[in-house]
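[1] Build me a model:
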Amino acid sequence: MPPNDRQRAPEPEWLSDVEQAAWRSYIRAAGRVNRLVSRQLKDAHDLSIEDFGILAMLSESEGHRLRFGELCRLLCLPGPFLTYRARRLEEAGLVERLDCPDDKRAAYLALTPSGASAVVETAPCHVASVRRAIFDHLDDDQLAAFAEVMNVLDRALGHDPDRECDGTIGADGQG
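    This is a model prediction of the structure:
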């Protein structure tokens, strides 16, 4: 079809001034929270925020192990990124890769005793950083509203621990 005959894409529904201000505040705040918590974990324990998330999920799971796919879904991380982080944690002796006896294509990531110790040592720093970055600035009403908004967004963007977190969102807001 010649270029002049193509249909033009529909005009987007631009953000209102209030929406634009909220979006920009979200971007700035999310970046600042992530940098603050990441810096605290890195400086105090040489772990990234993603590393701690992996270790924490493993520490909370039955048998302190999860299949890679399940861990990707729980943390909403792409497989190659998780593989890279897992390799770093494995080299540090904090996790180990285990074969999955019932599925030769799958593997488990398991917490080692050193990894379990790292979670116990790092958790107070993580909690203090999160508290300092977010919760110390909110009163009870703001905290309730924040929790509600985060839950609404999590549901709307397709939070489903039984499905891959691929970042796609349907027209209805469902992933």
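
[2] Need the nearest residue in space to the spatially most central residue of the chain, chain neighbours excluded.
    Residue closest to the mean C-alpha point of the chain, counted by C-alpha atoms, centre = their mean, is residue 75 at 4.5 Å. Nearest non-adjacent residue to residue 75, counting by C-beta to C-beta, 6 or more residues apart in numbering: residue 53, 5.3 Å away. C-betas here are computed from N, CA, C, even on glycine.

[3] what about that neighbour, how many neighbours?
    Counted by other C-beta atoms under 10 Å, the residues lying close to residue 53 total 18.

[4] And for the one 10 residues further on?
    Residue 63 has 10 neighbouring residues, counting by other C-beta under 10 Å.

[5] Three-state assignment for the closest residue to it other than its chain neighbours, please.
    Nearest residue to residue 63, sequence neighbours excluded (C-beta to C-beta, 6+ apart): residue 110, at 7.5 Å. Residue 110 falls in the strand class when you classify it by DSSP: H, G, I helix; E, B strand; the rest coil.

[6] what about residue 110, distance to residue 37?
    25 Å (C-beta to C-beta, to the nearest Å).

[7] need the longest helix for the protein.
    Ordering each helix of the chain by length in residues (DSSP state H) puts helix 17-45 first.

[8] which is the next helix or strand following that one?
    helix 49-60 (DSSP states H and E).

[9] Strand partners (parallel or antiparallel) of the helix or strand following that following helix?
    Using DSSP H and E, the helix or strand that directly follows helix 49-60 along the chain is strand 65-67. Sheet pairing of strand 65-67 (DSSP bridges) gives strand 107-111 (antiparallel).
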